[in-house]
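Visitor: Here is my input; please provide its structure:
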Amino acid sequence: MNFKSHKISLLALPLLLTAIGCESGEKRVYEIAVKNNSSHPITVGPVKTGPTFEPDWASPSEVAINTPKNPEQMWGVILQPGKTASTIMKGQFAQDSQAFILIYQGNLTLSDILAITKDSPARCDWRLTHSRTTLIVSDRGEFIDVFESPNEMPLAPKTPATAR
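Guide: Take a look at the predicted model:
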């Protein structure tokens, strides 16, 4: 390769990276707290839709695909009754991508989570619409209720989630 052709390929590199999505989208930061006021443990974790894949935002199905030999692997954080978990999540989001907190009733393994359908009363997919979110989880028998608290809880400056 002569110097001239090498120089042209280096000049084209930023355009190529932009075209394949390495520079697309926006950086978002979410501060999230979840308090378990239910009588059961819950399993909680963040996910995002769309590109680009980031392990900290991996959905249960993405984790299962990437670790097929370990069906009993854990996903998310197990939150005992009366406990609070908080985290600061950062990620790169494509224009139409959305962030969610998935909440499942129970101390669940990955295979347990994958068996719960989206419309199950033991599951809630909470869409994050602003940068600070505090969720309170309660229960009605086999159902979980989730609502957003108007009072913000202090958040721990750690990632991933830490249970208090």
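Visitor: Contacts for stretch 143-151, please.
Guide: Contacts with stretch 143-151, where a contact means Cβ atoms under 8 Å, 6 or more residues apart in numbering, come from 35, 38, 42, 103, 105, 121-124, 126, 133-139. Yep, even glycine has a C-beta here, placed from its N, CA and C like the rest.
Visitor: Now the buried members of those residues.
Guide: Among the contacts of stretch 143-151, the ones that count as buried by 16 or more other Cβ atoms under 10 Å are 35, 38, 42, 103, 105, 122-124, 126, 133-137, 139.
Visitor: What are the boundaries of the helices in this protein?
Guide: In the chain, helices defined by DSSP state H lie at 3-19, 60-66, 110-114, listed in chain order.
Visitor: Do me a favour and average the pLDDT over the second one.
Guide: With pLDDT averaged residue by residue, helix 60-66 scores 89.
Visitor: Repeat that for stretch 82-99.
Guide: Mean predicted lDDT for stretch 82-99 stands at 94.
Visitor: any low-confidence regions in the chain?
Guide: Residues of the chain meeting the criterion pLDDT under 70: 1-24, 68, 70-72, 152-164.
Visitor: among the contacts of stretch 143-151, which are in strands?
Guide: Taking DSSP state E, the ones among the contacts of stretch 143-151 that sit in strands are 35, 42, 103, 105, 123-124, 126, 133-139.
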